[in-house]
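**Q** Predicted model and sequence follow; I will ask about them next.
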Amino acid sequence: MRLNLTKLRATRAILPALVGVPAARRKMEKASGFGIGQCRYAGSGLVGKGYFRPVPMRGNGETGWKAVVVGISVICMSDTHTKMIASAAKAELASLGFRQKGRSRLWIADRGSWLNVVEFTPSRWSKSVSLMNAAHWLWVGAGFMSFNEAIQSNCHAEFDTEDQFESAALEIAKVACAKALEIEERFPSFDSIARFVVERARSSPERMGPSWWGYEAGIASGLVGNLRDADYFLNSLTDERVTARAASVLPLIHHPEAFKSEVNDIVARERLRLKLSAMSSPPF
């Protein structure tokens, strides 16, 4: 889809940044005061190619250049490209139990107490897509789709033609499938998840141990019956973002059944927030 923003000529809108102005055009810019290139439009996530007048930024500690738009055509990802990505994702991921979340670029495999997540990340500045695989721990109760353990890849595809992009999307979906299987193999049980989060928290005792990693380790330790580690991690938290979350489970550390019941409630609330179906039986 292309949006013609010729009305910007009248408003002389200011762009926050210029991108990709070829060096060969700099002489022309100096001579005419105008440039031709790619520019970001008002932080909207759209990219346009058109004419701009570069002007120096002054005051408020700013340095560099802004641009006054003369005429611009903005590019964004169309429904056609989104459908190509969805079709490729379905072909590769559906057999693993993945389902698309609404009409988003997010695909989720529900594992009860955690989610195996694939995100086909759109670019803010061009018609392109990248890949992110991750695990989301529902028992943490983040309140949003946090990537508690993420696996990045170098997969990235720019749109040139529909045939080219369709083929590229399928290749990225195949990598997504392989990375999703890697996550499944790393975390075949909750015991394996607990070992992972405890080791990770211990690897960063000063920075992440008293924060999210320590919180995850404390909850996981309590769920597998390691009350000593649960007590240590949860009572060592200093990050206010997690100390409040830990308040409901701290008094229950030495009451295993009550502890599990509270975490089951956290999972249920998180599933509700993320619009996941209710479980027929509690995970812990």
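**A** Received it, and whenever you're ready, just let me know what you need.

**Q** Give me the number of neighbouring residues for residue 205.
**A** 12 (other Cβ atoms under 10 Å). Backbone N, C-alpha and C define where each C-beta goes, glycine included.

**Q** my hunch is that it is in a strand, does that hold up?
**A** No - applying DSSP: H, G, I helix; E, B strand; the rest coil, one finds residue 205 to be coil, outside a strand.

**Q** now it: how far from residue 217?
**A** Distance, residue 205 to residue 217, using Cβ to Cβ, to the nearest Å: 11 Å.

**Q** now residue 108
**A** For residue 108, the distance to residue 217 (Cβ to Cβ) stands at 24 Å.

**Q** Who has more neighbours out of these two?
**A** Higher neighbour count among residue 108 and residue 217: residue 217, with 27 against 21, using other Cβ under 10 Å.

**Q** so what's that one closest to, chain neighbours aside?
**A** Once flanking residues are discounted, residue 217 sits nearest to residue 201: 3.7 Å by Cβ to Cβ, 6 or more residues apart in numbering.

**Q** do residue 131 as well
**A** residue 155 (4.0 Å).

**Q** what lines up beside the helix or strand containing that neighbour in the sheet?
**A** Element membership of residue 155, judged by DSSP states H and E, is strand 149-158. Take DSSP bridges as the rule and strand 149-158 pairs in its sheet with strand 128-137 (antiparallel).

**Q** Now the strand it pairs with - C-alpha only, PDB.
**A** Below are the C-alpha coordinates for strand 128-137, written out as PDB (Å, rounded to 0.1, in the frame of the first residue of the first chain):
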ATOM      1  CA  SER A 128      10.700  -6.300   5.200                       C
ATOM      2  CA  VAL A 129      10.400  -8.900   7.900                       C
ATOM      3  CA  SER A 130      12.800 -10.400  10.500                       C
ATOM      4  CA  LEU A 131      12.400 -13.400  12.900                       C
ATOM      5  CA  MET A 132      12.400 -13.900  16.600                       C
ATOM      6  CA  ASN A 133      11.800 -17.100  18.500                       C
ATOM      7  CA  ALA A 134      11.100 -17.100  22.300                       C
ATOM      8  CA  ALA A 135       9.600 -18.800  25.300                       C
ATOM      9  CA  HIS A 136       7.100 -16.900  27.500                       C
ATOM     10  CA  TRP A 137       6.700 -18.200  31.100                       C
END
